[in-house]
Structure formats: C-alpha cells, structure tokens
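J.: Just a sequence and a predicted model for now, questions to come.
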Amino acid sequence: MLNQLRLDHANMARMLHVLQLKHKTLAKGERPDFQLMREVVDYILSYMDGFATPLERICVERLKTQAPEHLPLMEQMASDYRELKPRLMRLSQDIDMILMDNILPMDRFADDLKAYLEAHRGYLRHEREGLFPLIDKHFNEEDMEELRQALPEGAEKELERLQMAYPELYAELCGAEVPVL
C-alpha cells in the first residue's frame, strides 16, 4: 500500500511538472496549450477530492492513538492541502476564461500558477518526508488495508485516459522525470 501511495505521489509530481513546463512557456511570452492545462487541472481536482479526504481521515485517526506527538504535523498538512483547492479552482476558472477567449492578465495567471505549483510541491515534500515515514512506522496491515479500501481506484485509469486523449501529455509525462521536491 505504501508503494501505491508513493506511485500516486510520483504521478502527481509528474502532473505538476507538466504544469511547470507550461508555466515556463508562459514566462517566455508564448501561449501554452491551455486545453492540455485544463485536462491536467481537472485531473488534479478530481484526484484531490477522492484521495485527500480518506487519506487525511484514516491517517489522523490512526496517528491520534499511535503517535499523538505527530498530530500537529498531520493537522498542518491537512490545512495546507485544503488551501491548495481554492488556488487550483481559481486557476481552473482562469483557464476557462482563456479558453473562451476572454481577456485575462497573463502575468497574474502566471504568478498564480507559480504560487500554486510551489505550494503543492511543498505539500508533496511534507508527504514524502513526514507522512510516509509515519505510515510506514505506525500502520499495521489492517490499517493499510483500510487505507487501500478508502482510496480511489480510478486514478491510474484516468491517467491512462489522459495519456491516450492527449499524446502531448503522454510524451511530456514519459519524458518527465519525477522532480526532486
């Protein structure tokens, strides 16, 4: 189960890397593929809803009894994660506006995208360095099974769908190393 969490973590890092590449395109004054960005943002939003809530609930419940000294870390991570969604929703709305050919200040959009990417990468770093070691240390097989049952199964299938629908995304994901966060 921990390997699956690490794989999901790596896939999210790759998605963020794709958005980072689009940010670099913006920074050069060029127009990135906003439809591709739309699909990546939709994927992340969907994944956040299905993944974060059960992971947070199960981890907090387990760590309350097994490692209460780490509860502040879990609460901070949960707060940080909840703050990501409004940022991503704003980016999503801005992408919609751009796709409808509405005028939007690209410098503001680029700044918002950069701030979101930094925040989400920070969260992934906390997950990798803080949460995963706690799960490894304090979760027994029953806890891991409960976690496995609670997490969405469709994440890999959705990733495959995106790869087939958007060959550019597939190429970027294949070429994207998992960035060190």
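T.: Structure's in. What do you need? Everything quoted here is computed from the prediction, not taken from an experiment.
J.: For the chain, which helix or strand comes out least confident on mean pLDDT?
T.: helix 154-165 (a mean of 63; mean pLDDT, DSSP states H and E).
J.: in whichever strand or helix holds Asn11, what's buried?
T.: Using DSSP states H and E, Asn11 sits within helix 2-27. In terms of neighbour count (16 or more other CB atoms under 10 Å), helix 2-27 has its buried residues at 5, 8-9, 11-20, 22-23, 26. For every residue, glycine as well, the C-beta is placed using N, CA and C.
J.: between those residues, which is nearest Gly122?
T.: Set against Gly122, the nearest of these by CB to CB is Leu16 (10.9 Å).
J.: that older thread, closest to Met89 among the buried residues of helix 2-27?
T.: Leu19 (14.7 Å).
J.: where does this structure have low pLDDT?
T.: Where the chain drops to pLDDT under 70, the residues are 1, 52-53, 152-163, 165-181.
J.: go again using 50 as the cut-off
T.: The chain contains residues with pLDDT under 50 at 178, 181.
J.: biggest helix in it by residues?
T.: Under DSSP state H, the helix in the chain containing the largest number of residues is helix 34-66.
J.: what's that helix packed up against?
T.: When contacts are defined as 3 or more CB pairs under 8 Å, 6 or more residues apart in numbering; DSSP states H and E, helix 34-66 sits against helix 2-27, helix 71-99, helix 132-138, helix 141-150, helix 154-165, helix 167-175.
J.: mind redoing it with 6 Å?
T.: helix 2-27, helix 71-99, helix 141-150, helix 154-165 (3 or more CB pairs under 6 Å, 6 or more residues apart in numbering; DSSP states H and E).
J.: I'd like to know which of the ones you listed lies nearest to Val41.
T.: Using CB to CB, the helices and strands packed on helix 34-66 put helix 71-99 closest to Val41, at 5.0 Å.
J.: So which bits of stretch 37-51 are buried?
T.: Buried-residue list, stretch 37-51, by 16+ other CB under 10 Å: Met37, Arg38, Glu39, Val40, Val41, Tyr43, Ile44, Leu45, Tyr47, Met48, Gly50, Phe51.
J.: Nearest to Met106, out of those: which one, please.
T.: Met37 (12.7 Å).
J.: can you redo the helices and strands packed on helix 34-66 as JSON lines with distance to His120?
T.: Shown next, in JSON lines, are these (distance: least, CB to CB, whole Å):
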{"stretch": "helix 2-27", "distance to His120": "6"}
{"stretch": "helix 71-99", "distance to His120": "6"}
{"stretch": "helix 141-150", "distance to His120": "21"}
{"stretch": "helix 154-165", "distance to His120": "16"}
